[in-house]
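missing the sequence, but the structure's below:
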């Protein structure tokens, strides 16, 4: 099931930025938003990824939003008190829960905290990992299994991001 809006954490975005495939995020049936905190984390990494991120913003493939809602700020601070989550993760979790959007995130500890926080807030939360986004792109006819598998290989070979599957065919 594809949701209308997805709030993306840094980890998921970087997977697509590294391989210069933000076009896939733009082609996804949901709209992707990025918090200002996540944008700062991208800016702190590599200049080529920052340039790709900026190009994706200009192309309308993603939208950047500020975390300025009182409930979002309160949740952001509450998540900070328990430590171990970065500002990007905390802001993405707070915005996704408060605005009732899906959350694109790969870190298992952060996912656990997000689901815990959504339970406290009494709001359902859909989690999408990078592989779930790729599966939705395949199911939507945007990319083939072969292209997805080539991306999976590129991530594993060149970018230290591995999936526990031999092919996206295993997930369909």
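Great, that's in hand. From a predicted model like this one, the values you see are computed outputs, not experimental measurements.

shaky segments in this structure?
Counting by pLDDT under 70, the chain has low-confidence residues at 1-3, 44-45.

What are the boundaries of the strands in it?
In the chain, the strands defined using DSSP state E lie at 5-8, 31-35, 63-65, 102-104, 127-128.

among the ones you listed, which is nearest residue 76?
Between residue 76 and the strands of the chain, the tightest spacing by CB to CB is seen for strand 31-35, at 9.2 Å. For glycine as for every other residue, the C-beta is placed from the backbone atoms N, C-alpha and C.

how far is the closest one from where the chain is centred?
How far strand 31-35 lies from its chain's middle: 8 Å, per CA atoms, centre = their mean, to the nearest Å.

What are the contacting residues of it?
The contact list for strand 31-35, computed with CB atoms under 8 Å, 6 or more residues apart in numbering, reads 4-8, 13, 25, 61-67, 88, 91-92, 95, 101, 104.

same deal with stretch 66-79?
Applying CB under 8 Å, 6+ apart, the contact partners of stretch 66-79 are 35-37, 85, 87, 89-91, 93-95, 97-98, 113, 117, 121.

Go again with 7 Å.
Stretch 66-79 has contacts (CB atoms under 7 Å, 6 or more residues apart in numbering) with 35-37, 85, 90-91, 93-95, 97-98, 113, 117.

Of the residues you listed, just the buried ones, ChimeraX syntax please.
Buried subset of the contacts of stretch 66-79, written as a ChimeraX selection, criterion 16 or more other CB atoms under 10 Å:
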select :35,37,85,90,91,93,94,95,97,98,113,117
